[in-house]
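A.B. asks: Can you look at this prediction? I've put the sequence above it.
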Amino acid sequence: PLYREALGGFCEKLGDYHPSTLGSINNLAGLLEAQGKLDEAEPLYREALGGCCEMLGDHHPYTLTSINNLAMLLQAQGKLEE
């Protein structure tokens, strides 16, 4: 509940594509992944990555972290082709 509360606050105060909001999306996805909810985590990781690419560019550290997080999740899901 706290990660979702934080995400809601960031969205409301800073907007959907602020770096802090995108980081909060990544954090929530990481929590879901740790809970074994891989199918719930994937769209969040993809959302964070898309926002980072759009707002920060392809080579920003947040974008690269988002790529890494999604790649690790896909590996855990056995989606090695992606």
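C.D. replies: Noted; the coordinates are in hand. Numbering: from 1, shown residues only.
A.B. asks: ok, the residue lying closest to His60 once chain neighbours are set aside - contacts?
C.D. replies: Excluding the flanking residues, the one nearest His60 by Cβ to Cβ, 6 or more residues apart in numbering is Cys52, at 6.5 Å. (C-beta placed from N, C-alpha, C; glycine too.) Going by Cβ atoms under 8 Å, 6 or more residues apart in numbering, Cys52 touches Pro19, Leu22, His60, Tyr62, Thr63, Ser66.
A.B. asks: hmm, try it at 6 Å
C.D. replies: Leu22, Tyr62, Thr63, Ser66 (Cβ atoms under 6 Å, 6 or more residues apart in numbering).
A.B. asks: number of nearby residues for Gln35?
C.D. replies: Number of residues near Gln35 (other Cβ atoms under 10 Å) recorded here: 10.
A.B. asks: thinking again about what came up before, before we move on, which element is the residue nearest to His60 in?
C.D. replies: helix 38-56 (DSSP states H and E).
A.B. asks: cool, and Ala6?
C.D. replies: Per DSSP H and E: helix 2-14 holds Ala6.
A.B. asks: Can you point out the buried residues in that helix?
C.D. replies: Of the residues in helix 2-14, Ala6, Leu7, Phe10, Cys11 count as buried by neighbour count, 16 or more other Cβ atoms under 10 Å.
A.B. asks: Appreciated, that's everything.
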